[in-house]
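*Asks:* I would like to see how this sequence folds:
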Amino acid sequence: MRAVWLTKFGDPSVLVPGEAPDPVPGPGQVLIEVTHANITFVETQFRATGAGPFRAEAPLIPGNGVGGTVAALGPGADPGLLGRRVVSGTGGSGGYAELAAVPADGLFAVPDGLPLDQAVALLADGRTAVMQLRAADPRPGERALVLAAGGGVGSLLVQLAAAAGATVVAAAGSAEKLALARELGAAHTIDYREVDWADRARAEPGGVDVVFDGVGGAIGRAAFDLLRPGGRLDSYGLASGEWTAITEETATARGVRLVGADRSPHALRTATEHALTEAAAGRLRPVIGRRFPLAGAAAAHAAIEARDTLGKTLLETGR
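*Replies:* All right, here's what the predicted structure looks like:
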């Protein structure tokens, strides 16, 4: 099969197209004929340094999320899965390929009417957005600030927070991303490349009750300072390269709370299922900004690192 190899840790050029043996599904596994592979920001960090939630040594085939059709079954797998459209995590590797062997009990059936590419776009970002929304619990009439509002998770959080009745304040780093946020339901938009962005947010709309922080660093800290008493800071990402450094004591002194998502297996599964169901019903729109062929994985990683993407970026095998 065709695949992309991470030959060593480094810049995007270490992602090299090549051949690999077809995987064979083991007991309780299925073989997915992959049409789309998900790319996350975390994967770009792993490629660069080897650090992150995945524990593996190069060379390997990277990729932690795929979508396609079940093409073969391992011993003990449900025969009813054969031919089904599914999305699945891979456990951290093996996704940038035409075929992927994954545990059958980790599959998510793609609802009827939902295109497969949209389901793949929701596999990681959809569940993350739903879990963060449940953790911060924005209420009708509250103001919710979404950082990195033009990204895969941020663009979904804009929609989810607005649907929950919150007034959404979207912050991002380009006019195009802010325009997307307005289209998705943001009432206010702020370019956080501007040095006075936090002062502007404090003056209009006048502080916030919830911060969804997928950026971290100085921007996350400035967003924390915008929280009003009773507010919640939900830090779930570090696109800046570092977490927002706020202690419980600092938050308590301000009268705000630090919240985090329930990441139990049950919570992960129900959040993914909820995102897929909402999208199938037309209530949640995954934004697929760019698509690259499988052999273009290096270019896809470079575009994500250059902040030259909107929403989700996908690899496509052409199958």
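*Asks:* break the chain into its domains for me.
*Replies:* Per automatic domain parsing, the structural domains of the chain span 2-109+287-316, 126-259.
*Asks:* buried deepest among the ones you listed, which one?
*Replies:* Of the domains of the chain, the one with the most neighbours on average (mean count of other CB atoms under 10 Å) is domain 126-259, at a mean of 20. The C-beta positions use only the backbone N, C-alpha and C, and glycine is treated the same way.
*Asks:* how far is whichever strand in the chain runs longest from where the chain is centred?
*Replies:* Assignment by DSSP state E gives strand 29-39 as the longest strand of the chain. Computed by CA atoms, centre = their mean, to the nearest Å, the chain-centroid distance of strand 29-39 equals 17 Å.
*Asks:* what lines up beside it in the sheet?
*Replies:* Strands that pair with strand 29-39, judged by DSSP bridges, come out as strand 65-73 (antiparallel), strand 99-103 (antiparallel), strand 312-316 (antiparallel).
*Asks:* out of those, which comes closest to A271?
*Replies:* When those are compared by CB to CB, strand 65-73 sits nearest A271, at 14.2 Å.
*Asks:* right, and the secondary structure at R228 would be what?
*Replies:* Secondary structure state of R228, per DSSP: H, G, I helix; E, B strand; the rest coil, is strand.
*Asks:* next: V16.
*Replies:* strand.
*Asks:* can you put the strands paired with strand 29-39 in TSV and add mean pLDDT?
*Replies:* As requested, the strands paired with strand 29-39 are arranged in TSV below (pLDDT from 0 to 100):
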stretch	mean pLDDT
strand 65-73	98
strand 99-103	98
strand 312-316	97
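*Asks:* switch those strands over to a markdown table; also include distance to E33.
*Replies:* Shown next, in a markdown table, are those (distance: least, CB to CB, whole Å):
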| stretch | distance to E33 |
| --- | --- |
| strand 65-73 | 4 |
| strand 99-103 | 6 |
| strand 312-316 | 13 |
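*Asks:* out of these, nearest to A121?
*Replies:* strand 312-316 (4.1 Å).
*Asks:* quick check, V208 in contact with D225.
*Replies:* No. Assessed by CB atoms under 8 Å, V208 is found out of contact with D225, at 10.3 Å.
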